[in-house]
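K.L.:
Model the following, please.
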Amino acid sequence: MKGTLYRALATALLVGGSTAAMAANDGQVRVNQLLASDPEYRETWQEAVEKEERLPEWVLNLSGVSEQQMSAVEEDGDKYLVGPLCETEQKCLNKRLIVAFSWDKDDAYGMLVEVPEGLPGDKSPTRHADYRWLGKPDPGMQQLLKEQLKRDPNWY
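P.N.:
The predicted model follows:
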């Protein structure tokens, strides 16, 4: 009887602990902290960008500036951890990356957005942006990444 009680308690603690860990990961980390937080994220990101040419160091290492915490988002029934990253705080309008990692850490996608520097304030960054897809996102994932970009009040 005691053994059964201890096993049930241990199971409850394990399940509760993993649920708490998932909840803690939802929105509690920034993109520039992600690769250091778990080796699985680093491995998955490296796989997503390994065949890409001429990517800047801040994209390869997700080492730019990230002022917002990542958030959990659903796309086609799957959950993703999504967030923005900028090269620097001053160049956020010109060089930014939106990343998405699958909840199981098996897939990573990115949308590198570059807008010419010196664009007049009355010019829409949307119309002058170049988009580069990382990790081969399907159309649904591309839409999810674009929607995340549209959340920025300075993006129009």
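
K.L.:
Buried residues of stretch 59-76, list them for me.
P.N.:
Using 16 or more other Cβ atoms under 10 Å as the test for burial, stretch 59-76 gives 59, 61, 62, 63, 64, 65, 66, 70, 73, 75. All C-beta atoms are positioned from the backbone trio N, CA, C, and that covers glycine.

K.L.:
Same check on stretch 146-156?
P.N.:
Those would be 148, 149, 155, for stretch 146-156 by 16+ other Cβ under 10 Å.

K.L.:
out of the buried residues of stretch 59-76, who's nearest residue 111?
P.N.:
Nearest to residue 111 among these: residue 59, at 10.9 Å, using Cβ to Cβ.

K.L.:
show me what contacts that closest one?
P.N.:
With contacts defined as Cβ atoms under 8 Å, 6 or more residues apart in numbering, residue 59 is in contact with 49, 85, 97, 110, 112, 134.

K.L.:
Can you give me the distance of the residue nearest the centre of the chain to residue 135?
P.N.:
Among the residues of the chain, the one closest to the centroid is residue 99, at 3.1 Å (Cα atoms, centre = their mean). For residue 99, the distance to residue 135 (Cβ to Cβ, to the nearest Å) stands at 9 Å.

K.L.:
what do the two both touch?
P.N.:
Contact with both residue 99 and residue 135 is made by residues 108, 109, 110, according to Cβ under 8 Å, 6+ apart.

K.L.:
can you map out the strands along this protein?
P.N.:
71-75, 78-86, 95-102, 108-114, 130-134 (DSSP state E).

K.L.:
Can I get the fourth one in CSV? Just the C-alpha atoms.
P.N.:
Read it as strand 108-114. Output of strand 108-114 as CSV, limited to C-alpha atoms (Å, rounded to 0.1, in the frame of the first residue of the first chain):
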residue,chain,number,x,y,z
ALA,A,108,12.8,25.8,-36.1
TYR,A,109,11.8,28.4,-38.6
GLY,A,110,12.8,32.0,-39.1
MET,A,111,11.9,35.1,-41.1
LEU,A,112,14.8,37.5,-41.6
VAL,A,113,13.4,40.9,-42.4
GLU,A,114,15.7,43.7,-43.8
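
K.L.:
Assess the claim that residue 57 and residue 49 are in contact.
P.N.:
No. Shown here, residue 57 and residue 49 do not form a contact pair, counting by Cβ atoms under 8 Å, at 11.3 Å.
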